[in-house]
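Peer 1: Pasting the sequence and the predicted model now:
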Amino acid sequence: MKQRVIGDVSVSAIGLGGMPMSIEGRPDERQSIATIHAALEAGVTLIDTADAYHQAAKDEVGHNEELIAKAIREFHGDTDAVLVATKGGHLRPEPGAWAQDGRPEYLKEAAKASAKRLGVDAVGLYQFHRPDPSVPYADSVGALAELLDEGVIRMAGISNADPDQIREANEVLGGRLASVQNQFSPAFRSSEPELELCDELGIAFLPWSPLGGIAKAADLGTAYEDFAVIARERDVSPQVVALAWELQKSDVVIPIPGASRPQSILDSVVAATVKLRDEDVARLDAAKPAA
């Protein structure tokens, strides 16, 4: 599969988002492991997770990390090139509720707990999940700098960040910011400035919910006719066109579509082989939701 770079690590141009396999409505474990194995067999070498990807119960924390670790252990092929990216600082204290904890002492302990659940000596890519308004941003990111220096993590990233926070994080990390993970899709384009800044700085940009989210991904072609038209011309799905469009925005873009079925990730990886014409990209850039 086409490759992209995070820090100094080469990864597949399409990653796998693990969230749907662990939150409410998740499939049984056998199907989830089959989905991860299908991704690995298709050449996916980036898997995204977080300690907060679980059902809303304290004893579930880290469910997705443990699931991914188990799937990788059980895979029949070589997994040396697989980069597992996880996140900390976002919490699910109870059903329907989310919270942040960006205290440096919390993030350092959370990273060590993630490493243990993943079964690794050092987390490949550790990302500060979401800014905590009660903690200075530099303090939270400073914890990632310490984790890098201590060898607990190999690369550091941030998520749900604005341009000023990207610049601040890169400064605090001494130019070692490897990735930014923000929401971006045909339906959510307000992270365009962050994508452009990452392109300028050479920092990987990982769109989360790149197809519009779990509830809306299947209807992308209905919601955006331009994506459906180009999909029909190419004999691929509108979802593939959306991912190909994102990939062509910049060489730093690595979409991480979520999946809970093998068929979903196998469809997504086709996007790495699709080359859109300049006029197609312009049309999709200007695409509006169906009335």
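Peer 2: Received it, and whenever you're ready, just let me know what you need. Numbering: from 1, shown residues only.
Peer 1: thinking Arg154 is in contact with Asp121, fair?
Peer 2: No. With contacts counted by CB atoms under 8 Å, Arg154 stays clear of Asp121, the gap being 9.6 Å. In short, each C-beta sits where N, CA and C put it, glycine included.
Peer 1: which one of the two has more residues nearby?
Peer 2: Arg154 (19 against 9; other CB atoms under 10 Å).
Peer 1: contacting residues around that one?
Peer 2: If a contact means CB atoms under 8 Å, 6 or more residues apart in numbering, then Arg154 has Gly7, Ala122, Val123, Gly124, Leu125, Leu148 as its contacts.
Peer 1: Ser10 now?
Peer 2: Contact partners of Ser10, counting by CB under 8 Å, 6+ apart, are Gln3, Arg4, Thr45, Ala81.
Peer 1: swap in Ala113?
Peer 2: Per CB under 8 Å, 6+ apart, neighbours of Ala113: Asp51, Gly62.
Peer 1: swap in Gly124?
Peer 2: Per CB under 8 Å, 6+ apart, neighbours of Gly124: Val9, Leu83, Val84, Ala85, Ile153, Arg154, Met155.
Peer 1: which of those residues has the most neighbours?
Peer 2: Ala85 (29 neighbours).
Peer 1: Spatially nearest residue to that residue, not counting backbone neighbours?
Peer 2: Leu125 (3.8 Å; CB to CB, 6 or more residues apart in numbering).
Peer 1: how close does that neighbour get to Lys116?
Peer 2: Shown here: Leu125 relative to Lys116, a distance of 17 Å by CB to CB, to the nearest Å.
Peer 1: Of the two, which one has the most company?
Peer 2: The neighbour count for Leu125 versus Lys116, taken as other CB under 10 Å, is higher for Leu125 (25 against 13).
Peer 1: Quick check: the gap between that one and Val180.
Peer 2: Leu125 sits 12 Å away from Val180, going by CB to CB.
Peer 1: Overlap of the contact sets of these two?
Peer 2: With CB under 8 Å, 6+ apart, Leu125 and Val180 have common neighbours Gly157.
Peer 1: got any ranges where the chain has weak pLDDT?
Peer 2: Counting by pLDDT under 70, the chain shows no low-confidence range.
Peer 1: What segments of it are strands?
Peer 2: 3-6, 9-12, 16-17, 46-48, 83-88, 90-94, 97-100, 125-128, 156-159, 177-181, 204-205 (DSSP state E).
Peer 1: ok, and for stretch 11-28, which residues are buried?
Peer 2: 11-23, 26 (16 or more other CB atoms under 10 Å).
Peer 1: burial of Trp98, as a residue count?
Peer 2: Neighbour tally, Trp98, other CB under 10 Å: 12.
Peer 1: same thing with Val274?
Peer 2: 18.
Peer 1: Save the buried residues of stretch 11-28 as CSV, and put in distance to Arg283 too.
Peer 2: Shown next, in CSV, are these (distance: CB to CB, whole Å):
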residue, distance to Arg283
Val11, 29
Ser12, 27
Ala13, 22
Ile14, 22
Gly15, 26
Leu16, 28
Gly17, 27
Gly18, 32
Met19, 30
Pro20, 30
Met21, 34
Ser22, 36
Ile23, 34
Arg26, 36
